[in-house]
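Chemist: sequence and predicted structure below; questions after.
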Amino acid sequence: MLEHTEHVVEIDRPARPARRNGAKSDELDAVRAAREALSREHLAQPRCRGDREAARVLLITRRGAIRARTRAINHLKALVVTSCEELRNQLRSTPTDGLVFRRARLRTSPSHSVEHRATVIALRRCAQRVLALEAEANDLEAELEQIVRRTVAQLLAHIGVGRSAPPQL
């Protein structure tokens with residue numbers, strides 16, 4: 001809208017009173033937002049695009065990959081708990097990282113029961129998913145670091161910012 005000489009401001013989402021039957025109305029929301037804008041002395045400028053937006057979308061996507069990785073690890077552990085006795089004994093005390101790496105390379109043979117083969121396939125696929133999501137999150141983090149280094153390099157000098165910071169799970 002700025003290119004059409006319109007004055008654009010950013011307004012927080014207006015508080016909506018509880019409605020009967022849970023209906024939503026865009027028209028009512030627009031009127032509330034306009035009233036909110038008219039009642040304020042200082043109006044916020046719209047958020048910047050470019051590097052800020054690039055960092056936002058990468059960060060959101062990275063968080064999604066980390067959450068999906070956590071769900072896949074939980075799924076992998078649940079598969080171990082419910083697997084046959086032979087598999088369960090092999091994997092019982094394995095730490096998570098070892099569990100993922102060992103299960104990603106797990107093989108089966110035709111001599112195993114159908115249940116054993118299916119469980120091994122499920123464990124392998126789930127572990128491979130964990131590794132793929134971890135690689136995706138690492139790639140996204142590297143892209144984020146490039147943006148931060150280019151735009152606010154002094155931020156990376158602080159303790160707890162950047163790759164040395166613990167992952168936000």
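Modeler: Ah, there it is.
Chemist: what residues of the helix or strand containing R88 count as buried?
Modeler: Using DSSP states H and E, R88 falls within helix 85-91. For helix 85-91, the buried set under the neighbour-count rule, 16 or more other C-beta atoms under 10 Å, comprises 87, 91. The C-beta positions use only the backbone N, C-alpha and C, and glycine is treated the same way.
Chemist: state the helix or strand in which the most centrally placed residue in the chain lies.
Modeler: Closest to where the C-alpha atoms of the chain average out (C-alpha atoms, centre = their mean) is G64, at 1.5 Å. Using DSSP H and E, G64 maps to helix 51-82.
Chemist: distance of the closest residue to C84 other than its chain neighbours relative to L79?
Modeler: For C84, ignoring the flanking residues on the chain, the nearest one in space by C-beta to C-beta, 6 or more residues apart in numbering is H116 at 5.8 Å. The gap separating H116 from L79 is 12 Å, by C-beta to C-beta, to the nearest Å.
Chemist: please apply the same query to R117.
Modeler: Applying C-beta to C-beta to R117 and L79 gives a distance of 14 Å.
Chemist: same drill for the two, tell me which one is more crowded.
Modeler: L79 (20 against 14; other C-beta atoms under 10 Å).
Chemist: pretty sure that one contacts C126?
Modeler: Yes: at 6.3 Å, L79 counts as touching C126 under the criterion of C-beta atoms under 8 Å.
Chemist: phi and psi next, for S109.
Modeler: Phi and psi for S109, reported as degrees, to the nearest 10, are phi -130, psi 160.
Chemist: can you count the residues close to it?
Modeler: A total of 8 residues lie near S109 under the criterion other C-beta under 10 Å.
Chemist: quick one: average pLDDT of the lengthiest helix in the chain?
Modeler: The longest helix of the chain (DSSP state H) is helix 114-151. Here helix 114-151 scores 91 as its mean pLDDT.
Chemist: kind regards, and thank you for your time.
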